[in-house]
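Asks: got a predicted structure plus its sequence, pasted below:
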Amino acid sequence: MSEQVVAAVRTDIQKTEFREYPMPEISEDSALLKMEVAGICGTDVKFYAKPPISDPVIMGHENIGYIAKAGKEFQKRKGVKVGDLVFVEHYVPCFSCEWCHNGEYRLCNGTDWRKNPDAVRFGYSSAERAPHLWGGFAQYMYLPWNSVVHKVPGGVTPELAGVVTPMANGIQWALFDCNVGYDSRVLIQGPGQQGLSQAVACKQAGASLIIITGTSKDKARLEVALKLGADYAINVDEEDPREAIQKITGGEGVDVSLDCTAGAGTVPILLGLDALKRKGGTLLAQGEVAKFPEFPLSKVTNKYVTIKSARGHNYLSCELALKQLSSNRFPLELITTHRLGLEDTDLAIKSVGGTESEGVIHVSLLPWQ
């Protein structure tokens, strides 16, 4: 009988079952990752409550682990060897389309699971598709030839490496997409993993003013934000954020507004527009707003606003994120607040969603604990 791999499988709305799958055979151009840490973020919370596909799925797209087995071709292509601690991006691109050739595999159709039924993305793809192990909420994960793999620098623990995905998003969205740099004034809405990572990235880039907003339930997170580089933290339940931002900036507004509220609706978008300076600001939006019938387009055009969409990260932002984690310049361990084993997958996801535990920012799911 072949060796079996235990996995936590999402089988329905907010329902997890534990299943066993056969240990996959490894070819010359594939590998097997022994999972060490699977980070849990707001996307997991959203898709656990509203699964985008009906098939069973092994979730987990922020994956850190050790190379357990690897074919010679895989090792040569990726520059890794058995025993290396690595971060595996959730993208599994084709490496042949125009986007991949331009280094933007996050836009590759081969990773677009929403529109392409043949797409593969770790944490999103059907567990019915052989060899089944397409997510980090399992003891092992299968790595095909086109996996995107990064070595974790020495001195960075697996648990700290588990926040590399939000940190890479922070670098991608704030620095690469919105050009935050020296003397920039920035508004960050939402002090979760993404928002805190944006604060670190902006501070590292030389932003002169960082304002972050949250609600009363975010008080602990807002305190962490101040320790990670934010200059002001605004509780929108206790004060008018528009008035507070105007007062802090002397009526001048900010250069960049980053929406990290995970699709909280139209309110963050409108506040972000109001907070931008009179001309030439940049607004970054994420999440899904189904309808926005009274979108203030005239304000966008009159203020000469550039709108950017939050869309994952590229290879360079991940490499820089790993360097940031290894620099010890910020107390990033403040983000990694909770550790739970595979048997507590349901609790871990709901905790990040704020329904089970308080003070949670980032949960490290440890499949072998």
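Replies: Now that the structure is in, tell me what you want to look at. Numbering: from 1, shown residues only.

Asks: low-confidence stretches in this protein?
Replies: Applying pLDDT under 70 to the chain flags residues 1, 263-264, 287-290, 355-358.

Asks: got the domain ranges for it?
Replies: The chain breaks down by automatic domain parsing into domains covering 4-163+335-366, 166-309.

Asks: closest to residue 329 out of those?
Replies: domain 166-309 (7.2 Å; C-beta to C-beta). Every residue, glycine included, has its C-beta placed from N, CA and C.

Asks: first-to-last residue distance for that closest one?
Replies: 15 Å (C-alpha to C-alpha, to the nearest Å).

Asks: how close does the residue nearest to residue 342 when sequence neighbours are not counted get to residue 348?
Replies: Once flanking residues are discounted, residue 342 sits nearest to residue 367: 4.6 Å by C-beta to C-beta, 6 or more residues apart in numbering. Distance, residue 367 to residue 348, using C-beta to C-beta, to the nearest Å: 11 Å.

Asks: the two: who's more crowded?
Replies: Higher neighbour count among residue 367 and residue 348: residue 348, with 28 against 25, using other C-beta atoms under 10 Å.

Asks: not counting its own residues, what contacts the helix or strand where that one lies?
Replies: In this assignment (DSSP states H and E), residue 348 forms part of helix 345-352. Here helix 345-352 makes contact (C-beta atoms under 8 Å, 6 or more residues apart in numbering) with 8, 14-16, 40-42, 44-45, 48, 59, 137, 338, 340, 356-357, 360, 362-363, 365.

Asks: any idea which helix or strand comes after that helix?
Replies: Sequence order places strand 362-366 as the next helix or strand after helix 345-352, per DSSP H and E.

Asks: what is that following strand packed up against?
Replies: Here strand 362-366 is seen to pack against strand 31-40, strand 336-341, helix 345-352 when contacts are counted using 3 or more C-beta pairs under 8 Å, 6 or more residues apart in numbering; DSSP states H and E.

Asks: how about that strand: buried residues?
Replies: Going by neighbour count (16 or more other C-beta atoms under 10 Å), the buried part of strand 362-366 is 362-366.

Asks: re earlier: residue 275: which of the helices and strands packed on strand 362-366 is closest?
Replies: With C-beta to C-beta as the criterion, residue 275 lies closest to helix 345-352 of those, at 27.1 Å.

Asks: any idea how far residue 365 is from residue 135?
Replies: Separation of residue 135 from residue 365 (C-beta to C-beta): 11 Å.

Asks: identify the contacts common to these two.
Replies: 38, 60.

Asks: now the strands: where do they sit in the stretch 151-300 of the chain?
Replies: Per DSSP state E, counting those that start in this stretch, the stretch 151-300 of the chain carries strands over the ranges 185-189, 209-214, 232-235, 256-259, 282-285.

Asks: with mean neighbour count and distance to residue 244 added, can I get the ones you listed in JSON lines?
Replies: What follows is the strands of the stretch 151-300 of the chain, written out as JSON lines (neighbours: other C-beta atoms under 10 Å; distance: least, C-beta to C-beta, whole Å):
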{"stretch": "strand 185-189", "mean neighbour count": "28", "distance to residue 244": "10"}
{"stretch": "strand 209-214", "mean neighbour count": "26", "distance to residue 244": "8"}
{"stretch": "strand 232-235", "mean neighbour count": "19", "distance to residue 244": "5"}
{"stretch": "strand 256-259", "mean neighbour count": "29", "distance to residue 244": "14"}
{"stretch": "strand 282-285", "mean neighbour count": "21", "distance to residue 244": "18"}
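
Asks: out of those strands, which is closest to residue 302?
Replies: Among the strands of the stretch 151-300 of the chain, if distance is taken as C-beta to C-beta, the winner is strand 282-285, at 13.7 Å.

Asks: what about the nearest residue to residue 34 once chain neighbours are set aside, which helix or strand?
Replies: Residue nearest to residue 34 in three dimensions, not counting chain neighbours: residue 68, with 4.1 Å by C-beta to C-beta, 6+ apart. Using DSSP H and E, residue 68 sits within strand 62-70.
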